[in-house]
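# fold the following, please.
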Amino acid sequence: MQKQSFSPVEQMASVTSKIIEDGATVLTGSGLPMIAMALALRTRTPNVTIIFEAGGIAPQIPVLPISVSDSRTFHRAIMATSLDCVMSTAQQGYVDYGMLGAAQIDMYGNINTTAIGPYERPKARLPGSGGGNDVGSLCWKTIIIMQQDKKRFSRKLDFLTTPGYLDGPGARERAGLPEGTGPYRVVTQLGVMGFDEATKRMKLLAVHPGVTIDDVKANTEFELIVPPEVSVTSLPTREEIRLLHEEIDPSHFVIR
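You can find the predicted model right below:
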């Protein structure tokens, strides 16, 4: 793998900021999802409506909030409401994208943010669902941003916190989730994954510059679908890197 002049986090933020179209409504989680959406607002999608779990709708995000309940998620917002209002908005079908982080993911896009190891006596206790289950269950498309290795891209989750396509085609609908919803993209330090329409299994769409398909396979425990053509993502621009360091995360809370 070739050495690049930008960090994996900068690459992931840049790529994710380009996935969502201008004018979309996005329910955004903490950390890298916030970074990506703040970058999108300042660059190519100024008319995206960001919604935060605690109730901030369309804030301007002066600098990176520490969490989805940080007071800065209400900065110059068009509406300051509540968690139940936000989730009912998603339940009514008004939220185009949900954006989440994850500790583990499987081939169907199910994610774990609860525990590593047996739930009763885990090796690590994670933050849990928060609004993650609601986001993954109710938003039309879910984007997951996370690190990729064999422990994280796991054949079997230690705990299922947020549903993806569960065990395959039709499973979400059988579980009572809205038809047409589900995982859309997974962005990692290695590339971008989507989901096969017929099987609902994860497939490789693009690798980042300097990353090979073999690198991605070596960091995935399950069998990843690899189509005949896999694209290469674009590099972060100097302006994007400047915005990330100087305006979005000047305290280097996420961007190192």
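# where does the prediction get shaky in the stretch 51-200 of the chain?
For the stretch 51-200 of the chain, applying pLDDT under 70 flags no range at all.
# now the strands for it?
Under the criterion DSSP state E, counting those that start in this stretch, the stretch 51-200 of the chain contains strands at 56-57, 79-80, 97-101, 104-105, 111-112, 115-116, 124-125, 141-145, 182-187, 191-195.
# any chance of those in a markdown table, plus distance to Glu10?
Quick note: C-beta positions are derived from backbone N, CA and C, even for glycine. Putting these into a markdown table (distance: least, Cβ to Cβ, whole Å) gives the following:
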| stretch | distance to Glu10 |
| --- | --- |
| strand 56-57 | 25 |
| strand 79-80 | 31 |
| strand 97-101 | 16 |
| strand 104-105 | 22 |
| strand 111-112 | 23 |
| strand 115-116 | 27 |
| strand 124-125 | 27 |
| strand 141-145 | 13 |
| strand 182-187 | 12 |
| strand 191-195 | 15 |
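# run a quick check on Leu160 versus Thr113, I expect a contact.
No: counting by Cβ atoms under 8 Å, Leu160 does not reach Thr113; the two are 10.2 Å apart.
# so these two - more neighbours on which side?
Thr113 (21 against 16; other Cβ atoms under 10 Å).
# re earlier: make TSV from the strands of the stretch 51-200 of the chain and add mean neighbour count and distance to Pro46 to it.
Below are those laid out as TSV (neighbours: other Cβ atoms under 10 Å; distance: least, Cβ to Cβ, whole Å):
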stretch	mean neighbour count	distance to Pro46
strand 56-57	24	16
strand 79-80	12	18
strand 97-101	25	16
strand 104-105	25	31
strand 111-112	25	30
strand 115-116	20	39
strand 124-125	10	39
strand 141-145	24	19
strand 182-187	24	21
strand 191-195	22	23
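# got the residue ranges for the helices in this structure?
8-17, 32-42, 83-91, 132-138, 171-174, 213-218, 238-242 (DSSP state H).
# ok so, going back, out of the strands of the stretch 51-200 of the chain, which gets nearest to Ser231?
In terms of Cβ to Cβ, the element of these nearest to Ser231 is strand 191-195, at 8.5 Å.
# elements contacting the closest one?
For strand 191-195, the packing partners by 3 or more Cβ pairs under 8 Å, 6 or more residues apart in numbering; DSSP states H and E come out as strand 182-187, strand 202-207.
# now the last one, how far from the centre of its chain.
Read that as strand 202-207. Here strand 202-207 is found 15 Å from its chain centre; the criterion is Cα atoms, centre = their mean, to the nearest Å.
# then stretch 122-142?
On Cα atoms, centre = their mean, the centre of stretch 122-142 falls 11 Å from the chain's centre.
# for it, C-alpha coordinates in PDB please.
The C-alpha trace of stretch 122-142 is given here as PDB (Å, rounded to 0.1, in the frame of the first residue of the first chain):
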ATOM      1  CA  PRO A 122     -18.100  -8.700  27.400                       C
ATOM      2  CA  LYS A 123     -14.500  -8.000  26.700                       C
ATOM      3  CA  ALA A 124     -15.600  -4.400  26.000                       C
ATOM      4  CA  ARG A 125     -18.800  -2.600  26.700                       C
ATOM      5  CA  LEU A 126     -19.600  -0.100  23.900                       C
ATOM      6  CA  PRO A 127     -21.800   3.000  24.000                       C
ATOM      7  CA  GLY A 128     -24.900   1.000  22.900                       C
ATOM      8  CA  SER A 129     -27.600   2.000  20.500                       C
ATOM      9  CA  GLY A 130     -28.600   5.500  21.500                       C
ATOM     10  CA  GLY A 131     -30.600   6.500  18.400                       C
ATOM     11  CA  GLY A 132     -28.700   4.100  16.200                       C
ATOM     12  CA  ASN A 133     -31.300   1.500  16.000                       C
ATOM     13  CA  ASP A 134     -34.000   4.000  15.000                       C
ATOM     14  CA  VAL A 135     -31.700   5.600  12.400                       C
ATOM     15  CA  GLY A 136     -30.900   2.300  10.800                       C
ATOM     16  CA  SER A 137     -34.500   1.100  11.000                       C
ATOM     17  CA  LEU A 138     -36.300   4.200   9.700                       C
ATOM     18  CA  CYS A 139     -34.200   6.300   7.400                       C
ATOM     19  CA  TRP A 140     -34.400   5.500   3.700                       C
ATOM     20  CA  LYS A 141     -30.700   5.000   3.300                       C
ATOM     21  CA  THR A 142     -28.100   4.400   6.000                       C
END
